[in-house]
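[1] Here's my sequence, what's the structure:
(2 chains)
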Amino acid sequence: MALPNSDLEINRSGVQSPVAAVQQFIAAYPIHKNYYVRIFVQAILTIWAVLTVTFFLVRQMPGNPIDVLIEQILTQEGISYQEAYDRVAASFNFDPDATMLDQYVDYVGDLLRLDLGTSITSPGTRIIDEIARFLPWTIFAVGSGFLISFVLGIILGMMMAYYRDSALDHTLSLVSSFFTGVPNYIWGLLIIIGPGISWNWFDVGAARGTYDPGLTPGLNAAFIGSAIEHALLPIITYVLATLGSWMLSMKSSTTGVLNDDYVNVAEARGLKDRRIITAYVGRNAMLPLFAQLSISIGFVLGSGVVIEEIFVYWGFGHYLFQAITVRDYTSVQGAVLILSSTFVFSNLFADLTYGLLDPRVRISGEK
Amino acid sequence: MSEQAHEAVLRVEDLSIVYRTKRGDVKATSQASFDLHPGEALALIGESGSGKTTISLALIRKLPKNAVITSGHIHYQRDGSVQDVLKLSNRQLREFRWKDCAMVFQGAQNAFNPVLKVRRQFEDTAQSHGWTDKAAIRERALKLLELVRLDPERVYDAYPHELSGGMKQRTLLALGVLLNPQIVILDEPTTALDILTQRAIIDVLNDMQRQLRFSIIFISHDLSLAAEMADTVATVYAGEIVEIGPVNDIFYRSLHPYTYGLLTSVPTLGHMQDHLQSIPGSPPNLINPPAGCKFHPRCGFATDACKKEDPPLEQDIGTHLAACWHKDRLLESRKEPV
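    Numbers count the residues shown, from 1 in each chain, chains lettered A, B, ... in the order given. Here you go, the predicted structure:
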């Protein structure tokens, strides 16, 4: 921590500007060179950029919350435009005449105090509460779908690589290419139209919502069963839509690893097959997929908006969709902030944990 | 010959291997036979593509999927009982590998699983062969790592990428003898290493063999390495063993023009060499090998007999065998030993 001589001279003179103090501090403690500090600051800057763009973008959408509601009141009650405007403006927590910059400064100021603000269209409702109400359902559905799809994809992909050029490989390749090619909202529609309406396997109407009405949320069998039942269709959709790409990635990755010397040597070492498949082939083949995993978590959360709308699953996507429909700017901002933070932090998490899986990229203390 | 067969740890008889390819069968090994005795170091020398590696891979049945063993036996003897390696069940084969016969592959750069520590890979090897006492494994591993002149504690707890190429090669050698095998196969053990590291590896190998008394089969195109390490040298040409014998006989009294060609194509220290000869032509197509002696298109001694009939691998003196119709002419033509 010894300071360079030049700094000592400044100290002796007794005069030191704040800028020099900062420079001195950074010279002594080069935190900007610390890997963890750097990627964390990068993450925060990314999120800030997204929320800024979101802030201005939602306000550029045609219509504003007041107009949307005025139109509704006008068609319903047949009163004059001015009357409707006054009523709506009075009930809203939103001043359409404030400049955008003022609003932005207010918004960012609130965020720095970890306050997401309140809804515009239903004043008094805290956005954080709304997100806490809707988000767990989505995490449950997307999380389970993702886990099932990832595990299944890894296993099937490895099987394809082990039995490559067999009938099994060709069949699975075809199936997985097809699964990957069809977008998830088409899967959602197909499930509703096929099993739901044409074959009547389940009651499309009863699948709405996140659990059967009348049940008390809690740790009881009836509620948990119902919650799983309601999440089943979205989960199946997420699995179908993402399984194929996991399978294909895992297949190509495993095929590469199988040609690696260390697998060959492991066989020559007389290791047991199970050990070779898990620790030598599987673990190495999964490395590139792990990086993909964090990226696709963000994508799936985002694409949940459409899927939840299709199945009328009242999760986070449904909330975001509703907020956009009524132009509830603050709610949209809150939801997008959560979405982008999830994306950025899952990437960050992957960066930080990748070293646990692959010692070659572990960050040494010096970097 | 039959006397020695009883004490041979490995006896390869009439081994033929073909690779099935779209363009036809590649006859990678034809009727190879040799014995390996306890503590003996056998060198297989020859050009790239001559079939040296195919022979050694067959010994642990680690041939590529398209390879078919069309004839032959590989008799392996341990503690007085003899087994045919080619008839082992999958389970027996797995146990045979490394515990009885370890193979140190060409280029150790990627021989270790990059995500596991060296320690874990030693333990994996031992545990797969029923040895589960980690403290004992560690003790033996550290002893072996010291034998290959590494810093045992540091290497044992390192990840492979933390080791240099020469260190990996030495670590692999230590791993190779972890289970005290009777046979260690070394495929180009010093290729891709710098000259000083090569020197160190050779010294280490000599040390290890002296202390641990295993038999070595090593594959090389490096004749100086063969001269230094081997007791017996076998020359492989176009999938056939064309000459085999004690190292001095091969180097100072070679009886096959191909072996002689290999020797004269290497510069030597010590005496002036007027001509450094190369062998004209290139190795034959093994899908349609030439009739008769496969070397005749490149051979300065070839006559009509060579084109018609393949010479048998015949005994000259003692245990020196060569497959050539013109051994005498070759010997006469030599003015000075190489």
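
[2] Chain B: helices as residue ranges?
    B:2-7, B:52-59, B:90-99, B:118-128, B:134-147, B:152-156, B:165-176, B:195-212, B:223-229, B:247-252, B:257-264, B:304-308, B:327-333 (DSSP state H).

[3] Name the residues of the fifth one that come out as buried.
    Same thing as helix B:134-147. B:Ile137, B:Arg138, B:Arg140, B:Ala141, B:Leu142, B:Leu144, B:Leu145, B:Leu147 (16 or more other Cβ atoms under 10 Å in any protein chain shown). Where you see a C-beta, it was placed from the backbone N, CA and C, and this is true even at glycine.

[4] I'd like those as JSON lines, with pLDDT and distance to chain A appended.
    Listed next are the buried residues of helix B:134-147 as JSON lines, based on pLDDT from 0 to 100; distance: Cβ to the nearest Cβ, whole Å:
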{"residue": "B:Ile137", "pLDDT": "95", "distance to chain A": "14"}
{"residue": "B:Arg138", "pLDDT": "95", "distance to chain A": "18"}
{"residue": "B:Arg140", "pLDDT": "94", "distance to chain A": "15"}
{"residue": "B:Ala141", "pLDDT": "95", "distance to chain A": "14"}
{"residue": "B:Leu142", "pLDDT": "95", "distance to chain A": "19"}
{"residue": "B:Leu144", "pLDDT": "92", "distance to chain A": "15"}
{"residue": "B:Leu145", "pLDDT": "93", "distance to chain A": "17"}
{"residue": "B:Leu147", "pLDDT": "87", "distance to chain A": "19"}
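
[5] show me what contacts A:Leu233?
    A:Gly188, A:Ile191, A:Ile192, A:Ala207, A:Phe311, A:Tyr313 (Cβ atoms under 8 Å, 6 or more residues apart in numbering or on different chains).

[6] Tell me which of the residues you listed fall in strands.
    If you go by DSSP state E, these have nothing in strands.

[7] For PyMOL, write the select line for the buried members of these.
    To isolate the buried ones among these in PyMOL, judged by 16+ other Cβ under 10 Å, type:
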select buried, chain A and resi 188+191+192+207+311+313
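
[8] where in the stretch 101-250 of chain B is pLDDT low?
    B:107 (pLDDT under 70).

[9] For it, which residue gets nearest to chain A?
    B:Asn110 (3.9 Å; Cβ to the nearest Cβ).

[10] Export the helices of chain B to a markdown table and append columns for distance to B:Ile185.
    Shown next, in a markdown table, are the helices of chain B (distance: least, Cβ to Cβ, whole Å):
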| stretch | distance to B:Ile185 |
| --- | --- |
| helix B:2-7 | 20 |
| helix B:52-59 | 5 |
| helix B:90-99 | 11 |
| helix B:118-128 | 16 |
| helix B:134-147 | 17 |
| helix B:152-156 | 23 |
| helix B:165-176 | 9 |
| helix B:195-212 | 12 |
| helix B:223-229 | 13 |
| helix B:247-252 | 18 |
| helix B:257-264 | 21 |
| helix B:304-308 | 33 |
| helix B:327-333 | 30 |
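
[11] Please name the residues that touch the residue lying closest to B:Lys143 once chain neighbours are set aside.
    Excluding its sequence neighbours, the residue lying closest to B:Lys143 (Cβ to Cβ, 6 or more residues apart in numbering or on different chains) is B:Pro152, at 7.7 Å. Counting by Cβ under 8 Å, 6+ apart, B:Pro152 makes contact with B:Ala141, B:Leu142, B:Lys143, B:Leu145, B:Glu146.

[12] Look up how far B:Leu178 lies from the third one.
    Noted for B:Lys143: a distance of 10 Å to B:Leu178, by Cβ to Cβ, to the nearest Å.

[13] Same question for the first one.
    Noted for B:Ala141: a distance of 7 Å to B:Leu178, by Cβ to Cβ.

[14] Quick check: which ranges of chain A have low pLDDT?
    For chain A, the ranges with pLDDT under 70 are A:1-16, A:93-97, A:363-367.

[15] what's the burial count for the nearest residue to B:Leu15 once chain neighbours are set aside?
    Leaving aside its sequence neighbours, B:Leu15 sits nearest to B:Gly72 (Cβ to Cβ, 6+ apart; 3.5 Å). Using other Cβ atoms under 10 Å in any protein chain shown, B:Gly72 is surrounded by 18 other residues.

[16] pLDDT score for B:Gly72?
    According to the prediction, B:Gly72 has pLDDT 92.

[17] which parts of chain A sit against chain B?
    Counting by Cβ under 8 Å from any Cβ of the partner chain, chain A comes close to chain B at A:260-262, A:264-272, A:275, A:279-280, A:283-284, A:287, A:357-360.

[18] Can I have the buried ones of those residues as a PyMOL selection?
    To isolate the buried members of the residues of chain A next to chain B in PyMOL, using 16+ other Cβ under 10 Å:
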select buried, chain A and resi 260+261+262+264+265+266+267+268+269+270+271+275+279+280+283+284+287+357+358+359
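
[19] Out of the residues of chain A next to chain B, list just those in helices.
    A:Asp261, A:Tyr262, A:Asn264, A:Val265, A:Ala266, A:Glu267, A:Ala268, A:Arg275, A:Arg283, A:Asn284, A:Leu287, A:Leu357.

[20] Out of those residues, which two sit at the greatest distance?
    The span of those, defined through Cβ to Cβ, is set by A:Ala268 and A:Leu357 at 25.3 Å.

[21] near chain A, which residues of the stretch 101-250 of chain B show up?
    Residues of the stretch 101-250 of chain B lying near chain A (Cβ under 8 Å from any Cβ): B:102-103, B:105, B:107, B:109-117, B:124-125, B:128-129, B:159, B:161, B:175.

[22] Mind doing that once more with 7 Å?
    B:103, B:105, B:110-116, B:124-125, B:128-129, B:159, B:161 (Cβ under 7 Å from any Cβ of the partner chain).

[23] List only buried entries from these.
    B:103, B:105, B:110-116, B:124-125, B:128-129, B:159.
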